[in-house]
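Engineer: Show me how the following folds:
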Amino acid sequence: MAAARTLPFLERRLALAWERSLVMSCWYARGNRHGFELLEERGFALMSMLPEGVQASVCREFVDAVDHRHEMGSRVDGVGESVSAAEPALVEVNQKALRRRMKDERQLIVLESVIGGQSGRIGQSLRHYVPWLDFACEYLEDPREVQELEMLVARWRIERSKYVVENPDYAHVRIVDVKTAQGGPHHREGM
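Structural biologist: Coordinates of the predicted model:
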């Protein structure tokens with residue numbers, strides 16, 4: 001608090017607003033955000049007025065990152081799960097099904113942002129996870145070896161855990177070789 005008093009006026013106001021938001025984080029963590037939306041918008045406006053050309057989009061990304069960290073930190077993993085439910089069942093997929101799952105997830109995130117509005121988690125997902133999904137889907141357009149697909153699935157699980165709370169087992173898949181699953185490259189029904 002004392003250090004904030006030595007700052008120029010605009011930076012001092014930002015520091016004091018930041019301190020107040022830290023004090024109120026207990027209420028925020030409990031979901032009681034009534035009245036805080038206005039303070040968040042004021043803080044955003046204040047940050048965008050800072051000198052040295054701080055861009056509004058950078059400030060919005062910063063606010064989203066703080067919200068995202070808070071949302072992901074407040075989730076409780078494993079509540080109500082039995083010991084036998086600790087290991088998720090693996091769904092067997094081939095390359096085409098894996099690409100479809102990733103595209104579906106991308107569409108759900110974009111739809112959630114349109115219908116549900118913006119939150120820190122959604123903002124971060126749109127900025128970082130959706131482009132990663134786009135890259136992964138583009139990568140999956142060409143035929144890949146099973147080992148490459150398994151590495152991609154492992155990376156998908158890591159990326160997904162940073163941004164997606166719902167349906168945590170969706171990325172728990174096992175890659176099945178298309179040739180093995182269909183009886184070889186020349187296998188056709190009725191032959």
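Engineer: Okay, buried residues for stretch 138-150 please.
Structural biologist: L140, R144, L149 (16 or more other Cβ atoms under 10 Å). C-beta: built from backbone N, CA, C; applies to glycine.
Engineer: any chance of those residues in CSV, with distance to W156 and secondary structure too?
Structural biologist: Converted to CSV, the buried residues of stretch 138-150 look like this (distance: Cβ to Cβ, whole Å; DSSP: H, G, I helix; E, B strand; the rest coil):
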residue, distance to W156, secondary structure
L140, 11, coil
R144, 13, coil
L149, 10, helix
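Engineer: I'd like the residues you listed laid out as JSON lines, including distance to V114.
Structural biologist: Shown next, in JSON lines, are the buried residues of stretch 138-150 (distance: Cβ to Cβ, whole Å):
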{"residue": "L140", "distance to V114": "25"}
{"residue": "R144", "distance to V114": "32"}
{"residue": "L149", "distance to V114": "31"}
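Engineer: and of those, the nearest to V93?
Structural biologist: Closest to V93 out of those is L149 (8.9 Å), distances taken as Cβ to Cβ.
Engineer: Tell me how far that closest one lies from G123.
Structural biologist: 30 Å (Cβ to Cβ, to the nearest Å).
Engineer: same check, this time on F135
Structural biologist: According to Cβ to Cβ, F135 and G123 sit 19 Å apart.
Engineer: Could you check which of those two has the larger neighbour count?
Structural biologist: G123 (18 against 10; other Cβ atoms under 10 Å).
Engineer: Tell me the confidence at G120?
Structural biologist: Looking at G120, its pLDDT stands at 73.
Engineer: cool, and D104?
Structural biologist: At D104, pLDDT is 92.
Engineer: Look up how far F135 lies from H128.
Structural biologist: Counting by Cβ to Cβ, the gap from H128 to F135 is 11 Å.
Engineer: CA-only coordinates of stretch 168-176 in PDB, if you can.
Structural biologist: Extracted C-alpha coordinates of stretch 168-176, given in PDB (Å, rounded to 0.1, in the frame of the first residue of the first chain):
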ATOM      1  CA  PRO A 168     -12.400 -34.900 -18.700                       C
ATOM      2  CA  ASP A 169     -12.200 -38.400 -20.300                       C
ATOM      3  CA  TYR A 170     -13.000 -37.200 -23.800                       C
ATOM      4  CA  ALA A 171      -9.300 -37.200 -24.800                       C
ATOM      5  CA  HIS A 172      -8.700 -40.700 -23.300                       C
ATOM      6  CA  VAL A 173      -8.500 -42.600 -26.600                       C
ATOM      7  CA  ARG A 174      -6.500 -45.500 -27.900                       C
ATOM      8  CA  ILE A 175      -5.300 -45.400 -31.500                       C
ATOM      9  CA  VAL A 176      -6.300 -48.400 -33.600                       C
END
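Engineer: Enumerate every residue touching W156.
Structural biologist: M102, A136, A171 (Cβ atoms under 8 Å, 6 or more residues apart in numbering).
Engineer: Is it part of a helix or strand, or is it coil?
Structural biologist: Using DSSP: H, G, I helix; E, B strand; the rest coil, the structure places W156 in helix.
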